[in-house]
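In: Need coordinates for the following:
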Amino acid sequence: MKRKLSLLYLVIVMILVASCSKKEKVESKKEVIAAQVGAAKSLDPQGTNDKRSLEVMVQVYDTLVEVDKNMELKDGLAESWEYITPTKIRFKLKDGIKFHNEEPLKVEDVIFSLNRVKNSKIVGAIGESIESVEKVDNKTFDINTKYPTKTLLKFLADPGASIVSEKAVNEYGNSFGQIPVGTGPFILEEWVTGDKIVLKSNKEHTFKKPNIDKLVFRSIPEATNRVIGLETGEIDVAYAVSPIDAEQVLKNSKLELMTIDPLAIEFIGFNIKDSKLKDENLRKAIIYALNSDEILGTVLGTYAESINSPLAKNMFGYTENRVKYSQDIDKAKEYLDKVENKEDLNLSITIHSNSDSMQISQIIQAQLKDIGINLTINPLEWGTFISETSNGKHQLFHLGKTSPTGDGEEALTVFNEKFIGAAGNRFFYSNPKVNELLTLAKEETDDKKREAYYQEVCQIIQEDGVMAISFTRKVIAGVNKNISNFEPHPSGMHRFYKVDKEVK
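Out: All right, here's what the predicted structure looks like:
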């Protein structure tokens, strides 16, 4: 009897140990939590182009080609491509690619996706040069362009050109942005609107199989709270660490601060269709009233640089030969005297409600008060901010433009009349000469001529006074040291498939 009891006891102990081991195994799964500045609106690559959505989107989808952090082209879903003629590029797809719904990637999905790009009111600029896409065989297709183009291949690496499942788009319709089906290294598992997005690893990915099991994006607008989350271990990676908090990260032996030069500019822009700001004299009065060095130095320290340009210094088309504004109170008052409606100098600036934008706006508010302009600050959550500025319900605004390709053609679309509103031109700016030059540049294959066109565009935009200030700030990420293989991306859209996490 005792022997039977001993055997029974041994069996129970073994079951308990096995149960505990199983539980420990589940609990030791590698989950990485990343804190964003705001919440994604949609994960439809042809339906939105806001930065917060793109940061998640690049985990869920693949593009035909990709660019590395040095802006060099590499293969994505396409294993090869070649120019058959100056206006025909032939692509061959990789074998064994599946969508998250287990459907195989077909040439028909690529044709469907690129036609969506062409017809999109949001990302149509990416596919503007495409005339047609034709199937050659089950793995091969041709892109025919309207004219020889130097930039299409890099444009195909833009998140807006991500390849989607035709079947899923047709099945989910307008809900596709909340039920995305791509081929990427992560699959949507849960979405709590405004709070978090949970992605699970796509273990079947053939060329970007993740090292972690789950990737969670949390929306934490306040920069200080993102860093506090890093310090407590609740957050593994913090996007857009504020320069004010950077020192705190550097002093913490358990954290690492990672920076890279950006492929983006930020600006305080004008809505030029506004009844007051359509007056160039008022815009110039504001421009000359502002001390950008004081604004940036106070809030962003050494991590930002005033550029007085619609293109960053590392972008194709940048020029030093342009109007460069600096604070001149006498000139500001001269322009203010020419303003048609001097009796009403009340304006507002619409911003995303985060600490950096608020501090920048408060300094601008104080500087404008010195010349008699009263500025009200209107902070909004990210989704509302994007909607308001897309519909022109703003006057001044603080935003940025990322250019994943680093080319003026892409970066300058936000000044093109064709893309006013949600497509990017929230300045509601229209200048026929700028439109003409941008068209000439995109149809030109000689880089020297293209560069000259973009440089002239930059000169005109500066002369028209479209932006109150413009600047670049380094891409800054805070990372826990139990995270390895994290590489910041110059676009700020960091990829996580290489990332690993040490689990104790």
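
In: Report the beta-bridge partners for Glu305.
Out: Glu305 forms beta bridges with Thr472, as assigned by DSSP bridges.

In: I'd guessed it sits against Leu296; true?
Out: Yes - with contact defined as Cβ atoms under 8 Å, Glu305 reaches Leu296; the gap is 7.4 Å. For every residue, glycine as well, the C-beta is placed using N, CA and C.

In: Name the residues contacting each of these two.
Out: Here Glu305 and Leu296 have Phe471 as joint contacts, going by Cβ atoms under 8 Å, 6 or more residues apart in numbering.

In: Could you check which of these two has the larger neighbour count?
Out: Using other Cβ atoms under 10 Å, the more surrounded residue of Glu305 and Leu296 is Leu296, with 23 against 16.

In: List the contacts of the more buried one.
Out: 304-306, 471.

In: can you do 7 Å?
Out: By Cβ atoms under 7 Å, 6 or more residues apart in numbering, the residues touching Leu296 are 304, 306, 471.

In: do the same with Gln459
Out: With contacts defined as Cβ under 7 Å, 6+ apart, Gln459 is in contact with 321-322.

In: Spell out the secondary structure type for it.
Out: helix (DSSP: H, G, I helix; E, B strand; the rest coil).

In: Return the distance of it relative to Asp356.
Out: Here Gln459 is placed at a distance of 29 Å from Asp356 (Cβ to Cβ, to the nearest Å).

In: cool, Ala78 as well?
Out: Taking Cβ to Cβ, one finds Ala78 at 39 Å from Asp356.

In: How about Val237?
Out: 18 Å.

In: neighbour count winner among the two?
Out: Between Val237 and Asp356, Val237 has the larger neighbour count (other Cβ under 10 Å), namely 25 against 22.

In: and that one, what are its bridge partners?
Out: Ala34, Val479.

In: Do I have it right that it meets Val479?
Out: Yes - using Cβ atoms under 7 Å, Val237 is in contact with Val479, at 5.3 Å.

In: so what sits against both of these two?
Out: Counting by Cβ under 7 Å, 6+ apart, the residues touching both Val237 and Val479 are Phe486.

In: Only alpha carbons, please: show stretch 394-402 as PDB.
Out: The C-alpha trace of stretch 394-402 is given here as PDB (Å, rounded to 0.1, in the frame of the first residue of the first chain):
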ATOM      1  CA  HIS A 394      -6.500  75.200 -39.100                       C
ATOM      2  CA  GLN A 395      -4.300  78.300 -39.400                       C
ATOM      3  CA  LEU A 396      -0.700  77.600 -38.300                       C
ATOM      4  CA  PHE A 397       0.300  74.000 -37.700                       C
ATOM      5  CA  HIS A 398       3.200  71.900 -36.500                       C
ATOM      6  CA  LEU A 399       3.900  68.800 -38.600                       C
ATOM      7  CA  GLY A 400       6.600  67.000 -40.500                       C
ATOM      8  CA  LYS A 401       7.200  65.200 -43.800                       C
ATOM      9  CA  THR A 402       9.200  61.900 -43.900                       C
END
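
In: Go through it and flag the buried ones.
Out: Using 16 or more other Cβ atoms under 10 Å as the test for burial, stretch 394-402 gives 394-402.

In: Please state the offset of that stretch from the chain centre?
Out: Put simply, stretch 394-402 sits 14 Å off its chain's centre (Cα atoms, centre = their mean, to the nearest Å).
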